[in-house]
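[1] Structure for the following, please:
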Amino acid sequence: MFPLHPDTPEEGRSLVDLFGGRQAYLDSMRERLVSLMEAEGLEYGDRTHTYNSRLGQELAKWAERQPGGRGGGGKIHDALYRAYFVGGVNLANVDELVRIAESLDLSGDEAREVLQTRAERQAVDLDWERSRQLGVTGVPTFMVDNEVVVGAQPYEILEALVTRAGARKRAVSNGL
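    The predicted model follows:
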């Protein structure tokens, strides 16, 4: 895990403020992201604010370990992505995070307790330290054999990354 704007206050910060009022830059950045997301069949909302993702990461750490795979297997990460990047949800808001947990059939009461007691703080601190050690500077970051690609990238860039590391394409079977 990597901190998205860890100094952002709980109420968030407008993107205009974050990028020093450079609306033209924001517009071009958004156009690029929308184009990349559409090419991959992903949604991307019209975000106006950034929020501190720390509590969302703590929720994800807890959810990944819940029985029955309810929060694992990427489900919690998909739900947090959708909330943040499509819905513009404030991931520093405990009530919003509890709603996300409940949408995955996770216990809202347990999620609230984990968030209020900060039970996953140390685990996320360790993840952040590992990110710093690896030189991660943004999200997403893809690292294969110490080669790093940062940011939303087209499929071809990621394919080239793993190919340089020795991966080979598998033959496509009849769907089995």
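[2] contacting residues for Met143?
    For Met143, the contacting residues are Leu134, Val136, Val149, by CB atoms under 8 Å, 6 or more residues apart in numbering. All C-beta atoms are positioned from the backbone trio N, CA, C, and that covers glycine.
[3] can you check Arg164 too?
    Val144, Asp145, Glu147.
[4] just checking, Leu59 touches Ala111?
    Yes - if you go by CB atoms under 8 Å, Leu59 and Ala111 touch, sitting 6.2 Å apart.
[5] How about stretch 102-122, which residues are buried there?
    Of all the residues in stretch 102-122, those buried under the rule 16 or more other CB atoms under 10 Å are Leu104, Leu106, Ala111, Arg112, Val114, Leu115, Glu120.
[6] need those residues in JSON lines with pLDDT, secondary structure and distance to Glu11, can you?
    As requested, the buried residues of stretch 102-122 are exported to JSON lines (pLDDT from 0 to 100; DSSP: H, G, I helix; E, B strand; the rest coil; distance: CB to CB, whole Å):
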{"residue": "Leu104", "pLDDT": "94", "secondary structure": "coil", "distance to Glu11": "26"}
{"residue": "Leu106", "pLDDT": "94", "secondary structure": "coil", "distance to Glu11": "26"}
{"residue": "Ala111", "pLDDT": "97", "secondary structure": "helix", "distance to Glu11": "21"}
{"residue": "Arg112", "pLDDT": "98", "secondary structure": "helix", "distance to Glu11": "20"}
{"residue": "Val114", "pLDDT": "98", "secondary structure": "helix", "distance to Glu11": "22"}
{"residue": "Leu115", "pLDDT": "98", "secondary structure": "helix", "distance to Glu11": "17"}
{"residue": "Glu120", "pLDDT": "97", "secondary structure": "coil", "distance to Glu11": "22"}
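[7] That'll do, ta.
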